[in-house]
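J.: Only the shape, not the letters, is given here:
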């Protein structure tokens with residue numbers, strides 16, 4: 001929802017009506033275990049609110 005998050009400059013992804021979305025903009029590397037932890041957390045939040053976590057918009061590499 002546009003009211004909750006600010007879109008990153010240059011973002012090309014468009015949310016559909018009713019979507020709840022956010023973007024993580026990272027300036028530094030993130031370890032694989034941190035990405036795995038965030039993925040599990042986001043899946044849990046999505047499930048709690050009868051939604052789904054579609055995954056990451058870009059490749060996550062170490």
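T.: Here it is on my side, so go on. Quick caveat: nothing in here was measured; it's all calculated off a predicted structure.
J.: wait, isn't residue 53 in contact with residue 40?
T.: No: taking contacts as C-beta atoms under 8 Å, residue 53 lies outside contact range of residue 40: 9.3 Å. For glycine as for every other residue, the C-beta is placed from the backbone atoms N, C-alpha and C.
J.: out of those two, which sits in the busier spot?
T.: Taking other C-beta atoms under 10 Å, residue 53 and residue 40 do not tie; residue 53 has more neighbours (15 against 11).
J.: Contacts only, for that one.
T.: Shown in contact with residue 53 (C-beta atoms under 8 Å, 6 or more residues apart in numbering): 39, 42, 43, 45, 46.
J.: again, only this time at 10 Å
T.: 38, 39, 40, 41, 42, 43, 44, 45, 46, 47 (C-beta atoms under 10 Å, 6 or more residues apart in numbering).
J.: any idea how far residue 47 is from the fourth one?
T.: Put plainly, it is residue 41. Distance, residue 41 to residue 47, by C-beta to C-beta, to the nearest Å: 11 Å.
J.: Same check on the second one?
T.: Residue 39 sits 13 Å away from residue 47 when distances are taken as C-beta to C-beta.
J.: Who are the packing partners of the helix or strand encompassing residue 36?
T.: Element membership for residue 36, per DSSP states H and E: helix 32-48. On a contact count with 3 or more C-beta pairs under 10 Å, 6 or more residues apart in numbering; DSSP states H and E, helix 32-48 meets no helix or strand.
J.: Now do stretch 34-41, average pLDDT.
T.: When pLDDT is averaged over stretch 34-41, the result is 86.
J.: Name the residues of that stretch that come out as buried.
T.: Using 16 or more other C-beta atoms under 10 Å as the test for burial, stretch 34-41 gives no buried residues.
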